[in-house]
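[1] Build me a structure from this.
(one chain, ligands or ions: 1)
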Amino acid sequence: APEPALSPPGRALPYEAIPRSGRSAWLNLYRFWRSDGFQRFHLLMERSFQRYGPIYRETVGTYNSVNVLLPRDAAQLFQSEGIFPRRMGLESWIAHRQLRNHKCGIFLLNGEEWRSDRLVLNKEVISPAGTRKFLPFLDAVARDFVSLMQRRISKNARRSLTIDLYGDLFRFTLEASSYALYGERLGLLEESPDAESQRFIGAVETMLRTTLPLLFVPPGLVRWANARLWREHMAAWDTIFSHADRCIQHIYQEFCLGQQRKYSGIMAELLLQAELPLDSIKANIIEFTAGGVDTTAMPLLFTLFELARNPGVQAALRQEIAEAEAQGPRELSKVLNSMPLLKGALKETLRLYPVGITVQRYPTKDVVLQNYCVPAGTLCQVGLYAMGRSPQVFTNPERYDPGRWLSQEDNSFKALAFGFGARQCIGRRLAETEMMLFLMHVLRNFRIDTVSKADIKTVFGFILMPEKPPLLTFRPLY
Ligand SMILES: C[C@@H](NS(C)(=O)=O)c1cncc(N2C(=O)c3ccc(Cl)cc3C2(C)C)c1
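    Residues are numbered from 1 along each chain as shown. Here you go, the predicted model:
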């Protein structure tokens, strides 16, 4: 076969020369729809990288994307994101906001509108100062979770507890994020959790599940083709908004009555600062409330499972926690910063189970990826799931080894689970501290075991989740 046409040195190959997955866009869409391809989107991407190499182009229906998986290509892509980084829009979510005449939060906004809201929100939600203020709230909820488990264990003679933690983890993350956001306990970790909040958790799950088939198809078509799915999607959104409205009303009422001076959560700080109009505060708080449940519960479940099937790692973490405690009572943020192995465990979990399976950008100027010229405005995606399991990027990728993140090797652009730069996940510090505190208190009080050592199958349901939740056993250490 003739040698592939190599471009003269220094000249990038044309865009059209990028390897393509599947010829016909519409046949791809049909195949996706039929084979439930959306649920296995991350696995299909991994296989495409194995077939076509570190860059390929795919067209599914009206959606066209250039996909990369190597850190240096991610770095190249982020260098050309401009000052208003942009991701793929979520038409069905925007359609709901327009239909109900709600403002959009920063996830759905773009350009100047996004930037002005984001800069105000950063101060309370992701800055070190903001994080230090809501940290104690998350610590209180993590301690309550341990008490809940101890109460349950004391109720059975075997002094251990084997349960499907799914529901409890959703209650924990909603309780924790709501306390940080509203300064109010929902009481989800008590014996009889509040029914309305349970309905909210269900609505977030339904909304995320019904978002999936809406991702790649214009909402107008879906409303006609599958009215029931559309109605279910809208009803879930309405439940989410009415729950958040209730919480916001409580705060707003108290805020108008008298300005208490001590910190009482992110929402109160935003009202006090008055740098955002109330309807913008509401739109963003709703995104944080709904976006703070499944996104953080799933990595906790995956971490507990990996620690259960890697007892050596679990013991090393318990040792690090004990040493951190032995240094005497200190400010919580200092305690968390003295547990690098626990931070590495979270990175390991998000490497193998990235909640958001890709990071997307539209480059604002032509960019060269893998020596191909990609024109400005082309949707580009970094395949996080494929990157995290690629032997080209990580040695022994299948091994759950938190220590790999502490070594001297260059890990830049390898830990992208929260995205990158000015548009990275604004909930990053909330999620990280919530997970660190949860694991610190749980590992200090219990040993985690699991019968099944087999890999968990994952499905993509707008967030990456287990096909079947693993059964875990909690044994008290004392
Ligand atoms: C899974 C990952 N997808 S991503 C952003 O990487 O493509 C992700 C990461 N961080 C937050 C989310 N959110 C949700 O889950 C969610 C639910 C309801 C609303 Cl109103 C807003 C949200 C956001 C977008 C905050 C989703």
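[2] Mind pulling up the pLDDT for Y478?
    Note on Y478: pLDDT of 86.
[3] roughly how far apart are the residue in the stretch 351-478 of the chain that the ligand sits nearest to and T206?
    Closest residue of the stretch 351-478 of the chain to the ligand, CB to the nearest ligand atom: G356 (2.2 Å). C-betas here are computed from N, CA, C, even on glycine. With distances taken as CB to CB, to the nearest Å, G356 is found 20 Å from T206.
[4] ditto for L307
    Taking CB to CB as the measure, L307 falls 30 Å from T206.
[5] how about the residues of the stretch 251-400 of the chain that lie near the ligand?
    Residues of the stretch 251-400 of the chain that fall close to the ligand, judged by CB under 6 Å from any ligand atom: I286, E287, A290, G291, T295, V355, G356.
[6] quick one: the last one and I463 touch, right?
    In this case it means G356. Yes. Counting by CB atoms under 8 Å, G356 does reach I463; the two are 7.1 Å apart.
[7] Let me see the ranges of the helices in the stretch 51-200 of the chain.
    Remark: helices assigned in the stretch 51-200 of the chain by DSSP state H, counting those that start in this stretch are 71-79, 91-100, 111-125, 128-154, 166-182, 195-211.
[8] Can you mark which positions in the fifth one are buried?
    Put plainly, it is helix 166-182. Within helix 166-182, the residues that count as buried by 16 or more other CB atoms under 10 Å are 166, 168-182.
[9] Repeat that for the third one.
    With burial defined by 16+ other CB under 10 Å, the residues of helix 111-125 counted as buried are W114, R115, D117, R118, V120, L121, E124, V125.
[10] Check the residues you listed one by one and keep those near the ligand.
    For the ligand, no contacts are drawn from the buried residues of helix 111-125 by CB under 6 Å from any ligand atom.
[11] Same list, these, but as JSON lines with pLDDT please.
    Below are the buried residues of helix 111-125 laid out as JSON lines (pLDDT from 0 to 100):
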{"residue": "W114", "pLDDT": "98"}
{"residue": "R115", "pLDDT": "98"}
{"residue": "D117", "pLDDT": "98"}
{"residue": "R118", "pLDDT": "98"}
{"residue": "V120", "pLDDT": "98"}
{"residue": "L121", "pLDDT": "98"}
{"residue": "E124", "pLDDT": "98"}
{"residue": "V125", "pLDDT": "98"}
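[12] Just name the closest of those residues to A315, please.
    V125 (34.8 Å; CB to CB).
[13] From S48, how far out is the closest one?
    Separation of V125 from S48 (CB to CB): 35 Å.
[14] rewinding a little: compare L307 and T206 (neighbour count), which wins?
    Taking other CB atoms under 10 Å, L307 and T206 do not tie; L307 has more neighbours (28 against 17).
[15] So for R23, what's the pLDDT?
    69.
[16] same thing with T239?
    We have a pLDDT of 95 for T239.
[17] ok so, going back, can you say which helix or strand has the residue of the stretch 351-478 of the chain closest to the ligand in it?
    Counting by DSSP states H and E, there is no helix or strand that carries G356.
[18] can you count the residues close to it?
    G356 has 19 neighbouring residues, counting by other CB under 10 Å.
[19] ok, it - contacts?
    L384, A417, G419, C425, I463, L464 (CB atoms under 8 Å, 6 or more residues apart in numbering).
[20] Show me where the stretch 251-400 of the chain has its helices.
    In the stretch 251-400 of the chain, the helices defined using DSSP H, counting those that start in this stretch lie at 266-273, 278-291, 294-309, 311-326, 332-337, 340-352, 384-388.
[21] Could you list the alpha-carbon positions for the next helix or strand after the shortest one in CSV?
    Right, helix 384-388. Next in sequence after helix 384-388, counting helices and strands by DSSP H and E, comes helix 428-445. C-alpha atoms of helix 428-445 as CSV (Å, rounded to 0.1, in the frame of the first residue of the first chain):
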residue,chain,number,x,y,z
ARG,A,428,-15.3,21.4,42.7
ARG,A,429,-14.3,22.5,46.2
LEU,A,430,-17.8,21.7,47.6
ALA,A,431,-17.6,18.2,46.1
GLU,A,432,-14.0,17.5,47.1
THR,A,433,-14.4,18.6,50.7
GLU,A,434,-17.7,16.8,51.0
MET,A,435,-16.1,13.6,49.8
MET,A,436,-12.9,14.0,51.9
LEU,A,437,-14.9,14.6,55.1
PHE,A,438,-17.3,11.7,54.4
LEU,A,439,-14.4,9.3,53.8
MET,A,440,-12.3,10.6,56.7
HIS,A,441,-15.2,10.0,59.2
VAL,A,442,-16.4,6.7,57.6
LEU,A,443,-12.9,5.1,57.4
ARG,A,444,-12.1,6.2,61.0
ASN,A,445,-15.1,4.3,62.3
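[22] Only the buried residues of helix 428-445, if you could.
    Neighbour counts using 16+ other CB under 10 Å place 429-445 of helix 428-445 among the buried residues.
[23] likewise stretch 209-222?
    R209, T210, T211, L212, P213, L214, L215, F216, V217, P219, V222.
[24] In CSV, list the helices of the stretch 251-400 of the chain along with distance to L13.
    Formatted as CSV, those follow (distance: least, CB to CB, whole Å):
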stretch, distance to L13
helix 266-273, 48
helix 278-291, 39
helix 294-309, 38
helix 311-326, 43
helix 332-337, 46
helix 340-352, 31
helix 384-388, 22
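[25] Deepest in the core, which of the ones you listed is it.
    Most buried of these, by mean neighbour count (mean count of other CB atoms under 10 Å): helix 384-388, with a mean of 26.
[26] Name the residues that touch that helix?
    Residues outside helix 384-388 that contact it (CB under 8 Å, 6+ apart): 42-43, 45-46, 49, 69-71, 74, 350-352, 354, 356-359, 393-394, 397, 414, 416-417, 464.
[27] Show the contacting residues for the residue lying closest to A142 once chain neighbours are set aside.
    Distances taken as CB to CB, 6 or more residues apart in numbering put L437 closest to A142, at 4.1 Å, once the chain neighbours are dropped. By CB under 8 Å, 6+ apart, the contact list for L437 reads L135, L138, D139, A142, L332, L336.
[28] Can you say which helix or strand has K453 in it?
    Following DSSP H and E, there is no helix or strand that holds K453.
[29] State the pLDDT value of the nearest residue to it once chain neighbours are set aside.
    Sequence neighbours aside, R309 is the residue nearest to K453 in space, at 4.7 Å (criterion: CB to CB, 6+ apart). R309 is assigned a predicted lDDT (pLDDT) of 97.
[30] and R309, what does it touch?
    For R309, the contact set (CB under 8 Å, 6+ apart) comprises Y400, T450, K453.
[31] Pull out the buried residues from those residues.
    Y400, T450.
[32] from the contacts of R309, which single one is nearest E191?
    Nearest to E191 among these is T450, at 26.2 Å by CB to CB.
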